[in-house]
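Colleague: Everything below, folded, please.
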Amino acid sequence: MARTKPLREYKVAGRQYAYLLDQCISSDNYKGDFSSDKAKVYLVLANYKSWLKNNRKPSSWSTARHIGDWLRGLPSCYTVAYWNDEIVKVGKSWGFPLRTEVSQENFADRWWTECGQRLLEMSDKLKISYYKIRPYDYKVSIQEQMAAAGV
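Modeller: Sure, this is the predicted structure:
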C-alpha cells in the first residue's frame, strides 16, 4: 500500500490543511486519541453527519457548501476564524493577494465553503471514505468509531 503524503507538505493547500488541523479542530470534549490527522478529520465529519441526521441538505448545494454552512454555526469540534477581518488575515497568511476590498469580500464570502472543501479533500487524501463515516457516537472512542466504519 502506498504511503500517504503528509497533508502539511502539499504545495498549494498545505498551509490551509495545517491551519484547519492544528488551529481549528478541537477534540477536548471527545473520547480517544486525536494525535493523528485522520482521527481529527474523522471527528469533524462524524459530527457533521450527526447534525445532518436532523438537517437536510438542499439538493442544489454541494456537500462542501453544506459542511461550510454547518461550520458557520461553530460546532464544538471546530473553531475557525469567524469575522471577516479575521478571515482576511488568515487568507493573507496563506499567501492570497487580498489587497482590495472587493478581493477581501470575495474571499470572506467563499470562506465557509472552502473550509468544507478542504475537509473533504483531507478525508480523501487520508483515505477516509465520506460515505463510510457514521454519525459521532459519544459512548465510544474515535478509534472504535473509525474501526467500525472500516476507516
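
Colleague: Just the mean pLDDT for the top helix by length along the chain, thanks.
Modeller: Among all segments of the chain classified by DSSP state H, the helix with the greatest residue count is helix 101-125. Regarding helix 101-125, the rounded mean pLDDT is 96.

Colleague: cool, and stretch 74-90?
Modeller: Rounded mean pLDDT across stretch 74-90 is 94.

Colleague: what separates the closest residue to Gly68 other than its chain neighbours from Ala81, distance-wise?
Modeller: The shortest distance from Gly68 to any non-neighbouring residue, by Cβ to Cβ, 6 or more residues apart in numbering, is to Trp112 (3.3 Å). All C-beta spots, glycine's among them, are computed from the backbone N, C-alpha and C. Applying Cβ to Cβ, to the nearest Å, the value for Trp112 to Ala81 is 10 Å.

Colleague: who has more neighbours, those two?
Modeller: Applying other Cβ atoms under 10 Å to Trp112 and Ala81 shows that Trp112 carries more neighbours, namely 21 against 18.

Colleague: Does the more buried one touch His66 like I think?
Modeller: No - counting by Cβ atoms under 8 Å, Trp112 does not reach His66; the two are 10.0 Å apart.

Colleague: how deep is Cys115 tucked in, by neighbour count?
Modeller: If you count neighbours by other Cβ under 10 Å, Cys115 ends up with 23.

Colleague: Verify the contact between it and Tyr17 for me.
Modeller: No - counting by Cβ under 8 Å, Tyr17 is not a contact partner of Cys115; they are 11.0 Å apart.

Colleague: Closest to the mean position in this protein, which residue would that be?
Modeller: With distances taken as Cα atoms, centre = their mean, the residue of the chain nearest its centroid is Leu119 (3.4 Å).

Colleague: Thank you, goodbye.
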